[in-house]
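Enquirer: Okay, predicted coordinates and the sequence, questions at the end:
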Amino acid sequence: MTDAGRVVISVEDLHKGFDGHEVLRGVSVEIRRGECVAIVGRSGAGKTVLLELLIGALTPDRGRILVPHPDRPDGPLVDMAQLDEEELDRVRAQTAVVFQQDALYSTTVHENIALALRETLRLPEPEIERRVREALAEVGLPPSPAMLKTRRDELSGGMRKRVAIARALALRPRAIAYDDPTAGLDPSRAGAIHELIWKAHQSLGAPGSRQTTLVITHDKDLLRRFEPRVVMLEEGRVFFDGPWSQFKASDSPNIRPYFDLTP
Ligand SMILES: Nc1ncnc2c1ncn2[C@@H]1O[C@H](COP(=O)(O)OP(=O)(O)OP(=O)(O)O)[C@@H](O)[C@H]1O
Ligand SMILES: [Mg+2]
């Protein structure tokens, strides 16, 4: 039996503000296992804030986020606010994030991928070595000694993005969230990143289910390629939530200006 389609993240009436400015004003959304969901909205709409709330890097002012308990991933969802720091770390390992600025540590490629495997998942060293090499190969980088020793500052933007994706894949997470993964890349490099994200999405995230994928993006080519469910934030709320085909066909004056969807 598969449990594809089970709700794995439930966001209920989320509010978050900074210094009196309310960024999220009641966001509710449910993400199901195996879905590919694009989160769109103009710059400053609160997409990254929503992601940071989802991984417990920020705490909500109001509302709740329900996730599987790290010890009982197939049991009932639990309120993240009830989890302790150690449990939250393991929730974060289950929902790996490829951050907007890559957020690689200023160490080597090897250390970047190995750190969470060692400190959060506490895997034995041979397993860590295996996963580091596998993850690099999955993102099309040679798992050679020279690559493993390369330091962050020696990597190009496209390579940093690949290492950040490899770091997420090595966790073998149940879900991966990418924050603006193709920003600043030329179309051919962006296309290669689309391929990686799509390949990872097709891989198994849980028995009988595809990986659950969240992509925050402004990239129309990515949306056309993935045809995801689209969740659009506007004025701190979910303005649109539905299939790409409906999003594309919308003549809403709020949607048309942000995405040039004329064929
Ligand atoms: N830690 C913080 N402290 C204060 N304000 C913040 C903080 N994080 C985000 N903000 C504010 O929240 C608003 C939403 O920011 P957010 O980064 O979520 O936008 P975004 O939708 O991801 O935009 P972009 O597409 O440009 O990445 C912005 O006005 C931002 O300045
Ligand atoms: Mg952002």
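Expert: Great, that's in hand. Ligands and ions are numbered 1, 2, ... in the order given.
Enquirer: Report the residue spans of the stretch 101-250 of the chain with pLDDT below the cut-off.
Expert: Segments of the stretch 101-250 of the chain classed as low confidence (criterion: pLDDT under 70) are 205-209.
Enquirer: show me where it has helices.
Expert: Defined through DSSP state H, counting those that start in this stretch, the helices belonging to the stretch 101-250 of the chain, from first to last, are 109-119, 125-138, 145-149, 157-170, 187-202, 220-226, 244-249.
Enquirer: Find the one among these with the highest mean neighbour count.
Expert: Of the helices of the stretch 101-250 of the chain, the one with the most neighbours on average (mean count of other CB atoms under 10 Å) is helix 157-170, at a mean of 23. Every residue, glycine included, has its C-beta placed from N, CA and C.
Enquirer: residues from the stretch 1-150 of the chain in reach of ligand 1?
Expert: Those residues of the stretch 1-150 of the chain that sit near ligand 1, judged by CB under 6 Å from any ligand atom, are 18, 23, 41, 43-49, 100.
Enquirer: Write the ChimeraX selection for whichever of those are buried.
Expert: Selecting only the buried entries of those in ChimeraX, with 16 or more other CB atoms under 10 Å as the criterion:
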select :23,41,45,46,47,48,49
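Enquirer: is it possible to export the residues of the stretch 1-150 of the chain next to ligand 1 to a markdown table including distance to Gly56 and pLDDT?
Expert: Written out in a markdown table, the entries for these read as follows (distance: CB to CB, whole Å; pLDDT from 0 to 100):
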| residue | distance to Gly56 | pLDDT |
| --- | --- | --- |
| Phe18 | 17 | 97 |
| Val23 | 17 | 97 |
| Gly41 | 22 | 93 |
| Ser43 | 24 | 92 |
| Gly44 | 22 | 93 |
| Ala45 | 21 | 95 |
| Gly46 | 17 | 96 |
| Lys47 | 17 | 97 |
| Thr48 | 14 | 96 |
| Val49 | 13 | 97 |
| Gln100 | 17 | 84 |
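Enquirer: coming back round to it: of the helices of the stretch 101-250 of the chain, which is nearest Arg62?
Expert: helix 244-249 (28.0 Å; CB to CB).
Enquirer: how far out from the middle of the chain is that closest one?
Expert: Counting by CA atoms, centre = their mean, to the nearest Å, helix 244-249 is centred 22 Å from the centre of its parent chain.
Enquirer: swap in stretch 57-75?
Expert: Taking CA atoms, centre = their mean, one finds stretch 57-75 lying 16 Å from the centre of the chain it belongs to.
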